[in-house]
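> Okay, sequence plus prediction incoming.
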Amino acid sequence: MPVDEEVFKQVMRRWASAVTIVTTKVGEEVHGLTVSGFAGISLDPPLVMVSVGHNQNSHIWIQDGGCFGINFLRADQVDLSDRFAGRTPDADRFAGVAYRAEISGAPILEDCIAWFDCRVAAAHVVGDHTIFIGDVLAGAAVSDASPLLYYDGAYRQLA
């Protein structure tokens, strides 16, 4: 018998994760969303995964665009995280945000602490999410700033 949904949520809230913005491009349109479901999965070849809910528009955009960027946020970028999470209604998520395209064409945010540029290598539907496996085409650690973390339903910082 599966664990109760509330118990599952309570346990998952105890998992601290770095806050990332996943970006993609479909045609000439750029899109992005805040995601904590990210992990590195292979060194050789370099592969990462991101988990996106089926109820997110970005799910279709990543699928259609065939690429995504992973942008790791700094501790002082809570407002940016909230905007890309949709907590700022009707806001243009990219308004005033400096970004550039990398190899895949996915937008890479200029002020993040690190990033990966990925081509979708595989997509696996699992429950109410799709896990997108990304073939890492490029990446860089840009800053030594502290990362923005999410733990127990709130933003956190390293001590």
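Perfect, I can see it now.

> could you pull out the strands for this structure?
17-18, 20-26, 29-35, 38-42, 47-53, 67-72, 99-101, 107-109, 114-126, 129-141, 149-151, 154-156 (DSSP state E).

> ranking those by burial, who's on top?
strand 67-72 (a mean of 27; mean count of other CB atoms under 10 Å). For the C-beta atoms, the positions are set from N, CA and C on the backbone; glycine is no exception.

> Report the strands that pair with it, each with its relative direction.
Paired with strand 67-72 in the same sheet, following DSSP bridges, are strand 20-26 (antiparallel), strand 114-126 (antiparallel).

> Next, format those strands as a markdown table and append distance to Phe84.
Listed next are the strands paired with strand 67-72 as a markdown table, based on distance: least, CB to CB, whole Å:
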| stretch | distance to Phe84 |
| --- | --- |
| strand 20-26 | 5 |
| strand 114-126 | 14 |
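
> Gly86 is nearest to which of those strands?
strand 20-26 (12.0 Å; CB to CB).

> Also compute the angle for the closest one relative to strand 29-35, please.
Relative orientation of strand 20-26 and strand 29-35, computed by axes from the mean of the first three to the mean of the last three CA atoms, to 10 degrees: 160 degrees.
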